[in-house]
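Q: Quick one, what's the 3D model for this:
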Amino acid sequence: MKARKVKKLDPAGSVADNFERIVRVRRNELFDFMPRAARPDQVVALHDMRIAAKRLRYILEIAHPCFGEYARTAVKSIKDLQDLLGEIHDCDVQGEEVRELVDRLIAEDAGALAVASSGRQDVDPAILREAPNRKSYAGLVALLVHLQARRQVLFDAFMALWQDLERRGFGARLEFALSERPQAEHATGAESSVVVEEDAA
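A: I've put the predicted structure just below:
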């Protein structure tokens, strides 16, 4: 997922004001995935939301001293969100890999049984006992069941966390914290330089 561009950064402005612009863009980037990511079948949206959470977390870990106290508190909530979305993504990736393996084994066995049935008018179901990979199927299917069940539990936990964040006013409180300045800024060259954020992979 390509990060949104942060506009109107001011090299002559304060660090806090430039950080505020960056964090606001990253915050909006995260929140804009809802309600689409509230659907469990939206694999790409959930994955991209994880990346957005990572970007927001990383910039906020650096920038939170420039803002109100809640900006620091928000980092843990964002990390929890990122971790859950990461676990969901792992289930999606692993599930796809297992399905591809099952499909490959089925194709291999179908080919082997077709060769063994050459010259006959049909394939005798009893020949399935000779399928080279037949003992692998049960274990792989069991693994798929586990991954699917785990993903469902993790997705429910993600939704519960998101709803809890909404109840606690996470978005609004972070928005307000960004406008707070806990201490007076000193206009030195080092403090007025703009920090350029690296895209998270």
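
Q: would you list every one of the helices in this protein?
A: Shown for the chain, the helices assigned by DSSP state H span residues 15-31, 43-63, 69-116, 134-167, 170-179.

Q: ok, so what distance separates residue 146 from residue 139?
A: Plainly put, residue 146 is 11 Å away from residue 139 if you go by Cβ to Cβ, to the nearest Å. Just so you know, the C-beta spots here come from the backbone N, C-alpha and C atoms, and that holds for glycine as well.

Q: Among the two, which residue is more densely surrounded?
A: Comparing residue 146 with residue 139 by other Cβ atoms under 10 Å, the one with more neighbours is residue 146, at 14 against 10.

Q: Format the helices of the chain as JSON lines; extra columns: mean pLDDT and distance to residue 126.
A: As requested, those are exported to JSON lines (pLDDT from 0 to 100; distance: least, Cβ to Cβ, whole Å):
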{"stretch": "helix 15-31", "mean pLDDT": "96", "distance to residue 126": "57"}
{"stretch": "helix 43-63", "mean pLDDT": "97", "distance to residue 126": "40"}
{"stretch": "helix 69-116", "mean pLDDT": "96", "distance to residue 126": "11"}
{"stretch": "helix 134-167", "mean pLDDT": "95", "distance to residue 126": "12"}
{"stretch": "helix 170-179", "mean pLDDT": "95", "distance to residue 126": "61"}
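
Q: Save those as TSV, and put in distance to residue 3 too.
A: Shown next, in TSV, are the helices of the chain (distance: least, Cβ to Cβ, whole Å):
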stretch	distance to residue 3
helix 15-31	7
helix 43-63	6
helix 69-116	15
helix 134-167	21
helix 170-179	18
